[in-house]
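> Here is my input; please provide its structure:
(one chain, ligands or ions: 1)
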Amino acid sequence: MTPQTSLAARTAEQQTSPDLQWWRDAVVYQVYPRSFADSDGDGMGDLPGVTARLPYLRDLGVDAIWLSPFYTSPQKDGGYDVSDYQDVDPRFGSLSDADEMIARAHELGLKVIVDIVPNHSSDQHVLFQQALAAGPGSPERDMYVFADGKGENGELPPNNWTSIFHGQAWTRITEADGTPGQWYLHIFDTSQPDWNWENPRVHELFQDVLRFWLDRGADGFRVDVAHGMIKPEGLPDATVNSAGLIDIPEGEVPIYFDNDGVLDIYREWRPILDSYEGDRMMVLEAWIPEHRLPLYIGDEKAHQSFNFGFLQARWGVETMRAAIEKPLALADAVGSPTTWVLSNHDVIRHASRYGFAPDYEFGEGLRRDEIPDAELGLRRARAATLLMLSLPGSAYLYQGEELGLPEVSDIPDELREDPSHLRAGVPGRDGCRVPLPWTQDAPGYGFSPTGKSWLPQPEAFGPLAADAQDGVEGSTLEMYRTAVHLRRELGLGRPDAAVVFAEDLPAGVLGVIRGDVTILVNTTDAQVELPASSVAGDLASAEVLVASAPTSPGTVPADTAVWLRTS
Ligand code: NOJ
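Numbers count the residues shown, from 1 in each chain. Okay, the predicted model is just below:
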């Protein structure tokens, strides 16, 4: 197949290798439902919007979609505050819309991964409301982590834990009789109380949730805060540093994460997934120290965990090489391929990240006065994507990265919804969640039939709209399409195919040899000449399969990646 292959041929070829469990080398496209496509005109994306755009994703060549939560939710944290795990929020549609979306995806050969949020619910969940109404010590209250406060009258929080979204991790309630009462734990927003996983009823509840979505055809789960759930016994204070702040040594995690008990949850879930046909899987969102990964992954535990090291790697040969070598070694150790990610709904989009100096210290989101070099950012982002898609294991794409969308930094504060922004005034994550541009010349860039959009889209989105890039040689969309299809055709995602680094390349060039395909990334700001003789063979006259920028024979331009066929 050549990069120009027809769509029909692409589709037929899309099936994953029959001898490989589909998730091991899958390209998975993350849909953030509220910002993907709006069918009913309210300015918020929805499930019928996703269904209508599935052919676009099929043509992109991905194997699966992962949808961020679309369940009933007050939307205090973009749906990661679930009030009913077994229903669809009316903003996003209905259960039958979900069924239709899953069925249509399957017809098109796409697997569907849904999000599961087991660490916390919404404070509007009926069980939390019942816990509030029932008194201290009641079975209802025992579904969540409630504790008496310290101090003479319980006026101080039970311990010194702070929330990932800033501020205290505890909120005091008013008891049903109007008196100040117990405190409940929320590692995230006040509106997201933590479940009490010491209670067997919580285990049962989530087993039911798993079965509910497996029965409806979900092929897998992305597990939110997968290293949370089990808190240390006795809820002890965390150690504080000399500044009085909670001390989290480099490479470590807060005291309430990564406690051993959490592993039992995966041992409990795995047989449930295995009892269904079709390689149902779970991928963990677990920000844990590397040496802990083998404890989470395996035949009786979870299938995969996100590897965020590649996303965090600075632009440069050594940093990027290390971010490839480490997870590959770990993958060997755990017997499960790694996952590659450059963007998601929680981080600054990589087209903007790379527009800053490699040693730039990012905060939470981009402030309006933090202005990237947009051209350089996109150029490097495209190169990094080509590198990522050449690596063995699964690759997770975030909606809009295939269009080269930048982070939006000038969202008016009053329109921002991220709880971190509301709690601490940081810009937060809304900048990577702006609704997608589908049609350059339509109101709201075709996101919604009315032109409405829950966050304003910047003018820069116009030329990046999907229709403006469709069929345009050299566009970011066409580069993604070509690379995703070639990756499958060439078997680059296959976890058993070797990765060899080429050591004899010009300075500043990263070289990865995958059989007769060599991937080069020129990280310098000048064009390099390729050698006719190297460990990878004759690179000077090798065939260019795909490039992140226009190339001339025997050269790689600055900040550019190429895939070369050497024989
Ligand atoms: C991780 C999710 O990706 C993020 O969006 C969310 O805010 C937190 N977990 C809390 O659920």
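> Can you tell me the SS state at the residue lying closest to residue 138 once chain neighbours are set aside?
Excluding the flanking residues, the one nearest residue 138 by C-beta to C-beta, 6 or more residues apart in numbering is residue 131, at 7.7 Å. C-beta: built from backbone N, CA, C; applies to glycine. Secondary structure, DSSP: H, G, I helix; E, B strand; the rest coil: residue 131 is helix.
> How about the contacts made by whichever residue of the chain sits closest to the ligand?
Per C-beta to the nearest ligand atom, residue 80 is where the chain lies closest to the ligand, at 3.4 Å. The contact partners of residue 80, taken as C-beta atoms under 8 Å, 6 or more residues apart in numbering, are 68-69, 73, 115, 117, 188, 192, 224.
> I'd like those as JSON lines, with neighbour count, secondary structure and pLDDT appended.
Listed next are those as JSON lines, based on neighbours: other C-beta atoms under 10 Å; DSSP: H, G, I helix; E, B strand; the rest coil; pLDDT from 0 to 100:
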{"residue": "68", "neighbour count": "24", "secondary structure": "coil", "pLDDT": "98"}
{"residue": "69", "neighbour count": "26", "secondary structure": "coil", "pLDDT": "98"}
{"residue": "73", "neighbour count": "27", "secondary structure": "coil", "pLDDT": "98"}
{"residue": "115", "neighbour count": "21", "secondary structure": "strand", "pLDDT": "98"}
{"residue": "117", "neighbour count": "28", "secondary structure": "coil", "pLDDT": "98"}
{"residue": "188", "neighbour count": "25", "secondary structure": "coil", "pLDDT": "97"}
{"residue": "192", "neighbour count": "27", "secondary structure": "coil", "pLDDT": "98"}
{"residue": "224", "neighbour count": "20", "secondary structure": "coil", "pLDDT": "98"}
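> Now do the helices in this protein.
7-13, 47-60, 95-107, 126-133, 200-215, 262-274, 293-296, 309-312, 317-334, 350-353, 374-389, 419-424, 466-469, 476-490 (DSSP state H).
> Can you tell me which of those helices is packed in deepest?
helix 350-353 (a mean of 27; mean count of other C-beta atoms under 10 Å).
> And the average pLDDT for it is what?
Averaging pLDDT along helix 350-353 gives 98.
> Output it in CSV, but only the C-alpha positions, please.
Extracted in CSV, the C-alpha atoms of helix 350-353 (Å, rounded to 0.1, in the frame of the first residue of the first chain):
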residue,chain,number,x,y,z
HIS,A,350,1.7,19.3,22.2
ALA,A,351,1.4,21.7,19.2
SER,A,352,1.8,24.5,21.8
ARG,A,353,4.1,22.7,24.3
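> thinking again about what came up before, confidence-wise, which of the helices of the chain is weakest overall?
Among the helices of the chain, helix 7-13 scores lowest, with a mean of 37.
> if I pick the closest residue to residue 94 other than its chain neighbours, what's in contact with it?
Nearest residue to residue 94 in three dimensions, chain neighbours excluded: residue 88, at 5.5 Å (C-beta to C-beta, 6+ apart). Applying C-beta under 8 Å, 6+ apart to residue 88 gives the contacts 47, 70-72, 94-95, 97-98.
> Could I get the contacting residues of the closest residue in space to residue 76 that isn't next to it in sequence?
Counting by C-beta to C-beta, 6+ apart, the nearest residue to residue 76 once its immediate chain neighbours are dropped is residue 191, at 4.0 Å. The contact partners of residue 191, by C-beta under 8 Å, 6+ apart, come to 74, 76-77, 81, 122-124, 419.
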